[in-house]
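**Student:** Predicted model and sequence follow; I will ask about them next.
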Amino acid sequence: MTRKYFGTDGVRGKVGETPITPEFALKLGWAAGKALARNGQSWVVMGKDTRLSGYLLESALEAGLSAAGVSVRLLGPMPTPAIAYLTRAFHADAGIVISASHNPYYDNGIKFFGPDGMKLQDEVEESIEDWLDQPMQITAPDALGKAMRQDDARGRYIEFCKSSFPFHFNLRGLKIVLDCANGAAYQVGPSVFTELGAEVIKLACAPDGLNINHECGSTHPETLQQAVVEHEADLGIAFDGDSDRVLMVDRHGQLVDGDELIVIIAQERMATGNGVKGVVGTLMSNLGMEIAVREMGLEFVRAKVGDRYVMAELQSRGWTLGGEASGHILCLDKTTTGDAIIAALQVLSAMVRTHKPLHELRGGMQKLPQVLINVRVGRRSDPMMHSPVVAAVKAAEERLADRGRVLLRASGTEPLIRVMVEGADQSLVATLAEELAGAVAVAMA
């Protein structure tokens, strides 16, 4: 079914423009309520990040749900993965998150989790879309849904995160600089690491509704890198606005991306006998990650770019570990969705057990030079449908031999072809990327 309203990650856009308007949110709440309604009382949990527009959308969704006869527990500002967990913990019919993740404050979005804390099943999304096209009819006055604040939500999630860390370990003696992107983890993040014993220096933990992701967080780690060095900290941790992505910084101020973090987690799982059957990356995952995983004796599979595709691949294979260089890391043996706090704790567990600093642990993967060039083209099409491009790719692959790879990928949102080349030789990689970009530009003008 072609989605009319839902994208790959719920509904998202600029606030004040369709579909991120109070009118649409009201109707979406009602439609979701109708799709979720069952015999007896139905109810959902709902949380949000720290955007100013969250108040507006929360109220509209709450009204729509009530009109459909569905009650809601309001969780307030909470990480997206916290909503996934609390949906399961409360045995709710669904969870709703109001967030645009790593986007600027003027964007917002609405996404849903099913009762299992995972993405809604396709048939439920389709049912919501069907109801969105129907006239809105309010249920009987005695059947309207209720709303209540869940005051202990933060504490419940903090304890859940801590439970993913070995009970016989602690973080005493570690100094951590924590950048919460002025987002949803600004309260729970510092609490988790402090309660486990770490000395926490907080960055971007003062949201004002407009500063979420602004020159901070995992999309702008420069301030964190500087702060780690200045404070002589052991490491730094950066979340994005809804805390489903994490990047880390070693004591020397060097960034450790999602590919490297996944390798560290895989190595720790293997060393402690917790079992990893294989690892899922994406088409953009560094070749060094693939090499490191295979050297562990594990299978490595690449999914399309996007956490939903990584999740689908993991589920189809019955695996538990995968993610993207952006820091969206799935540890399905611990939780049901990408969780920045839990992923960070898995890395910290490895540091504590081995008594090794982060810069030593990251040595288990050698990143290969990678060059990405975006080529603006006259029309969207598959670049490999053009014979000059095919010939250029073949020539580049022959020059790289078995020491690199080439990837051409059309953007899903813009008339761009993303040309990526990686390999052991930085100079050769850069040269081939420029040559390929030129071939694409000419062939697809």
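**Tutor:** Right, received. Where do you want to start?
**Student:** Next, the buried residues of the top helix by length along the chain.
**Tutor:** Counting residues, the longest helix in the chain under DSSP state H turns out to be helix 426-443. Neighbour-count burial for helix 426-443, counted by 16 or more other CB atoms under 10 Å, picks out Leu428, Val429, Leu432, Ala433, Glu435, Leu436, Ala437, Ala439, Val440, Ala441, Ala443. C-beta coordinates here come from the backbone N, C-alpha and C atoms, glycine included.
**Student:** same thing with stretch 218-234?
**Tutor:** For stretch 218-234, a neighbour-count test (16+ other CB under 10 Å) marks Ser218, Thr219, His220, Pro221, Thr223, Leu224, Gln225, Ala227, Val228, Ala233, Asp234 as buried.
**Student:** Show me which of those residues is closest to Leu321.
**Tutor:** Nearest to Leu321 among those is Ser218, at 19.3 Å by CB to CB.
**Student:** pLDDT value on the closest one, please?
**Tutor:** pLDDT for Ser218: 97.
**Student:** Touching, it and Val246? I think so.
**Tutor:** Yes - Ser218 is within contact range of Val246, at 6.5 Å (criterion: CB atoms under 8 Å).
**Student:** what stretches of the stretch 301-445 of the chain score poorly on pLDDT?
**Tutor:** Scanning the stretch 301-445 of the chain for pLDDT under 70 picks out 412-413.
**Student:** Can you show me the helices along it?
**Tutor:** 307-317, 340-354, 358-361, 387-400, 426-443 (DSSP state H, counting those that start in this stretch).
**Student:** Out of those, which is the most enclosed?
**Tutor:** Highest mean neighbour count among the helices of the stretch 301-445 of the chain (mean count of other CB atoms under 10 Å): helix 340-354, with a mean of 23.
**Student:** Other residues contacting the longest helix of the chain?
**Tutor:** Helix 426-443 is contacted from outside by 369-373, 375, 377, 383, 386, 388-389, 391-393, 396, 399-400, 404, 406, 408, 417, 419-423, using CB atoms under 8 Å, 6 or more residues apart in numbering.
**Student:** go on, stretch 346-353?
**Tutor:** If you take CB under 8 Å, 6+ apart as the criterion, stretch 346-353 is touched by 164-166, 169-171, 174, 235, 248, 261, 264-265, 267-268, 271-272, 331, 334, 356-358, 361.
**Student:** What about the residues you listed, which are in strands?
**Tutor:** Taking DSSP state E as the definition of strands, those contribute Leu235, Met248, Cys331.
**Student:** State the distance from the last one to Gly323.
**Tutor:** Between Cys331 and Gly323 the distance, using CB to CB, to the nearest Å, works out to 9 Å.
**Student:** same question, Thr337
**Tutor:** Distance, Thr337 to Gly323, using CB to CB: 11 Å.
**Student:** The two: which is more packed in?
**Tutor:** Ranked by neighbour count (other CB atoms under 10 Å), Thr337 and Gly323 place Gly323 first, with 28 against 22.
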